[in-house]
Every structure is written in C-alpha cells, then in structure tokens.
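Student: predicted model and sequence follow; I will ask about them next.
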Amino acid sequence: MRFTSWPVAAIGVGSLLLLIAVSMLAASRKAQEIYTQLDQLNTHHRNVDIELRRLRSDVNLSGVFVRDYLLDIAREHAPEYRQSLAEFRKTNMATVAELRNLAEPHADHILSLQAKLDDYWQTFDPLFDWTPGEKIFRSASFLRSEVVPRREAVLAIAQEIEELNNANLAEQRAEVTRRHAAFRNDLLRLLWESLLLGVVVALAVVSRLRVLERRSAEQRSIAQEAERQMRQLSQRLVATQEEERKNLSRELHDHIAQVLTALRIELGRIERTRPPADTRLGAAVVESRHLVDQMFRTVRDLALGLRPSMLDDFGLQPALEWHVRDFTRRYGVDVDLQMHGDFDVLPDRYRTCVYRAIQEALTNCVRHAKSRTIKVSVTGHDDRLDVSVIDDGIGFDPARRRDGLGLRGIEERVKELHGTMIIGSAAGEGTALTIQLPLPATVTEAPLARAAG
C-alpha cells in the first residue's frame, strides 16, 4: 500500500492554522471583555464619586444657605428660603436615590446616609417659625449643637461610602489584574502550543521531504543510468548501422559490381563471337547488356546511398559536393553548398556525422518542407565545426514538432560528439537546422603541427 504524505502535512498545517485562528479569536474576545470590565469599573467608580461630591456639595451649600437665612432678620423672606431649602432637599434625596442604584453592595451605608440626611433636613423645619429675635439669640447655638453635628455625620457616612467605593475599585482592579495575568499566561501557553505543533509539523514535513528527496535522487540516478544505457545502446545501434551500411556498400561495390562488370565483359565477348547472320542472338545480347547497365546503375546508387566510398577515400568535402549534385539532379532543387576550412583532418566519426546530418536534412526539405532553395554551410573553426541547413519551405510550429527517426538519429550522432543541435522554424518562413560540434584536441593541434613541419 502506497503512503502519501501530503494529506498528513495538509491536516497538520490546517490544524495549526485553525488553532491559531481560534486562539486569536478567543484572545481577542477575552481582551475585549477585560477592557469592557475595566471601563465599566472606572465608569461606575467615577459616577459614584460624582454623586458623593454632589451630595457633599449640597450639604455644604445647605449649611451656607441656612446661615444666610439666620442672618437675614426679615420675616418676609422666609417663604423664599423655605422653598429654596426644599429644592436643596429634593435634589439631595435624588442624589441619594442615584447612589442607591449605583452602590448596591453598600446598601446599608446608603440607608444610614438617607436616615442621617432625613434627620439633617428635618432639623431645619422649625427655623422658619422663628422670630427675628430668636434668630439673633438662638442661631449660633442652633448651628453649633444641631446643624453641625448632623452635617458632620452625613459627611462622615459619605466619606465612608467613598472609601468603600475606593476599596471596591481597588478590589475590582486587582481582579482585572489577575484576569489580565491569566490572559497573558494563556497567550504564552497558546504560543508554546502553536510553536510545539509547528515544530512537529515542520519535523514531519522535513522528514518526509528528506525521504522524498532521497527517493527522488535514487529515481533520478536510476533514470540517468537508464538514459545513459539507452544512449549507449542508441549510439551502438547508429554505429552498427553505419558499419553495416559501410559493409553493404563495400560488398555491393567490390563484389556485385565486379560480377556485373564481368558479366558485361562476357556479353561483349559473346557479341564479338556470334555469327553475323544471327540477329536474334545479337538482339538478346544488346538487351542483356542494357539490363546489366541498368542493374549496375542501381547497385551503384544503392552503394552510394548506403555510404559513398568517396567519404572514406577522398574526404568530407568531395562526398558532400557529389551528394549535392546528385540531389539536385534527382529532385530539381537548387542547393547552395558553402564549405570553409580544412576538413581532411576530421576523424571518421565527425565526417560521418556531418554527412548524415546534411543528407537527412536535405531529404526532409524535399519530403516535408517542399523547399525550392536550400543553403548548406559547413564552417571549420579552431575549436568547433558549424553546420547549418536553411530552406525556404513551408516551415512548422516548433512547439508541435514531432521528431522522426531521422532527426532522432542526427541528434544522437551530435550528442555522441558532445555537440548541440537547434531547429528553428515558423509557419511559412522556412526551417533552419544548426549544429555545433566541438573539435577534439588532436584536430585543433593538427594545423599547428603541419605549420611546424
């Protein structure tokens, strides 16, 4: 059973991303809750503090107001002072009611405060029935014995409520600080869990990648070895094919051609020795000689097609010049052959490669490209040999090119000599075949050796 690692890696990475996403959402929500709680706590403390300040301010102002009333001896102002004091009391009671809603944990203190305030405000009720003389003689003792103690009692309870509110704020802040510390610990734990999971996923992926790379290297090595063996086999097949062609060409040239030549000589001897009156024998001899000549041309063409003997006997340039003349005669295509350099020093493999490449390229120009003009160039440099075949045919799309056996054979011959082959073409613009063959050191040193000699 074949095991594929990508689902495991995908699940691991997906789990890591999901954990991070969920954790970020949870952390964001918890941070928002802590911020909201802290904001509510500060707002509540601020509201309670505002109400307590208002209450103390009202109580202090009420004392000032009562003092002003006692100093005013005009009785006609008493209703106004009574009305103003009633409004003070009403506002003060509303503040207490608001404190009762805000400071529910301190309800007992609020009730005590309300009772003290009720007692405080009721203390002022008899003042408005005093005569001017009573105001003068009783106001100081009244304020000292009745008003001030009650006011101080109210302010003491308000101070106590404020201290409780501050203590509650400190307690709530401590709770928020604790939650913040727990939140930070959760974030650190999440970070370590994410790092741990990431390390596990990374180790698993790296381990799997190492296994896959090792297998890929092994497969690549096997493929390279197989390619090397196939290339060796292909090169051996090409070499064997060339050797067989050479042997067949030599056999046709040396044996069958000699037999046909001997047969023609015998036919000539028969024609010379026949009686002049024997016309039927003469016609048979002429027909036989014609058949022998035709067979001789066929054998010669076969021998030259398999491998021209002049390639081995005279070199590359005469063989190519003969092939171009024969090609032009056969197909009526104008072939311009340009050769520059000394090709006599080329080894047999190079001569054969160049000859076969040009032979196959010319055949393709006529068979597939429908060319009318072909330019063939062979140029020898100090370190390389350049070959190009350019036609004016219909061309083709290089991306959809299909290599035939002929082009594959050329490519194998070129690769065997460590060269490069490039085919450039476009629809309706002809085709260009370019080959570069690096020359061996023995060839590059040959011109210098001849010059020294």
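Tutor: Looks like it arrived, so ask away.
Student: neighbours of A357, how many?
Tutor: The tally of other residues near A357 (other C-beta atoms under 10 Å) stands at 25. C-beta: built from backbone N, CA, C; applies to glycine.
Student: and for the nearest residue to it once chain neighbours are set aside, the neighbour number?
Tutor: Distances taken as C-beta to C-beta, 6 or more residues apart in numbering place I410 nearest to A357, at 4.8 Å, with adjacent residues excluded. Using other C-beta under 10 Å, I410 has 25 other residues around it.
Student: now swap in L362 and tell me
Tutor: Going by other C-beta under 10 Å, the residues that sit close to L362 add up to 22.
Student: and what of W121?
Tutor: Burial of W121 is recorded as 20 neighbouring residues (other C-beta under 10 Å).
Student: Q294 now?
Tutor: Neighbour count for Q294, taken as other C-beta under 10 Å: 10.
Student: mind giving me the packing neighbours of the host helix or strand of it?
Tutor: In this assignment (DSSP states H and E), Q294 forms part of helix 279-306. Applying 3 or more C-beta pairs under 8 Å, 6 or more residues apart in numbering; DSSP states H and E, we find helix 279-306 packed against helix 148-251, helix 257-273.
Student: right, and the ones you listed - which one's nearest P318?
Tutor: helix 148-251 (15.9 Å; C-beta to C-beta).
Student: next, the angle helix 279-306 makes with the closest one.
Tutor: 150 degrees (axes from the mean of the first three to the mean of the last three C-alpha atoms, to 10 degrees).
Student: what packs against helix 148-251?
Tutor: The contact analysis (3+ C-beta pairs under 8 Å, 6+ apart) places helix 148-251 against helix 6-71, helix 107-122, helix 279-306, helix 309-313, helix 405-416.
Student: from the chain's centroid, how far away is it?
Tutor: 17 Å (C-alpha atoms, centre = their mean, to the nearest Å).
Student: for Q436, which three-state class applies?
Tutor: strand (DSSP: H, G, I helix; E, B strand; the rest coil).
Student: mean confidence score for the host helix or strand of A97?
Tutor: Using DSSP H and E, A97 falls within helix 78-102. Helix 78-102 shows a mean pLDDT of 76.
Student: how far is that helix from where the chain is centred?
Tutor: For helix 78-102, the distance to the chain centre is 75 Å (C-alpha atoms, centre = their mean).
Student: what of stretch 414-430?
Tutor: 33 Å.
Student: ok, residues contacting it?
Tutor: The contact list for stretch 414-430 (C-beta atoms under 8 Å, 6 or more residues apart in numbering) reads 231, 235, 238, 349-350, 353, 357, 369, 371, 390-398, 401, 407, 410-411, 431-438.
Student: buried residues in it?
Tutor: Neighbour-count burial for stretch 414-430 flags V414, E416, L417, G419, M421, I423, S425, G430 (criterion: 16 or more other C-beta atoms under 10 Å).
Student: thinking again about what came up before, would you write a ChimeraX line that selects the buried entries of the contacts of stretch 414-430?
Tutor: Selection of buried members from those for ChimeraX, criterion 16+ other C-beta under 10 Å:
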select :238,350,353,357,369,371,390,391,392,393,395,396,407,410,411,431,432,433,435,436,437
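Student: ok so, going back, I'd like the helices and strands packed on helix 279-306 as JSON lines, with mean pLDDT appended.
Tutor: Formatted as JSON lines, the helices and strands packed on helix 279-306 follow (pLDDT from 0 to 100):
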{"stretch": "helix 148-251", "mean pLDDT": "76"}
{"stretch": "helix 257-273", "mean pLDDT": "75"}
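Student: nearest to F327, out of those helices?
Tutor: helix 148-251 (17.8 Å).
Student: for R189, find the nearest of the helices and strands packed on helix 148-251.
Tutor: helix 6-71 (9.5 Å).
Student: so A357 touches E412, yeah?
Tutor: No: taking contacts as C-beta atoms under 8 Å, A357 lies outside contact range of E412: 10.9 Å.
Student: possible to save the helices and strands packed on helix 148-251 as JSON lines with mean pLDDT?
Tutor: Putting these into JSON lines (pLDDT from 0 to 100) gives the following:
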{"stretch": "helix 6-71", "mean pLDDT": "73"}
{"stretch": "helix 107-122", "mean pLDDT": "72"}
{"stretch": "helix 279-306", "mean pLDDT": "74"}
{"stretch": "helix 309-313", "mean pLDDT": "74"}
{"stretch": "helix 405-416", "mean pLDDT": "79"}
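Student: tell me which of those lies nearest to L337.
Tutor: helix 309-313 (14.9 Å).
Student: can I see the domain layout of the protein?
Tutor: What automatic domain parsing lists as the domains of the chain is 6-205, 315-452.
Student: from the chain's centroid, how far away is the first one?
Tutor: With C-alpha atoms, centre = their mean as the basis, domain 6-205 stands 59 Å off its chain's centre.
Student: who touches the helix or strand hosting T328?
Tutor: Applying DSSP H and E as the criterion places T328 in helix 316-331. Identification of contacts with helix 316-331 by C-beta under 8 Å, 6+ apart yields 304, 308, 310-311, 333-335, 337, 339, 343, 346, 351, 354-355, 358-359, 362, 366, 376, 378.
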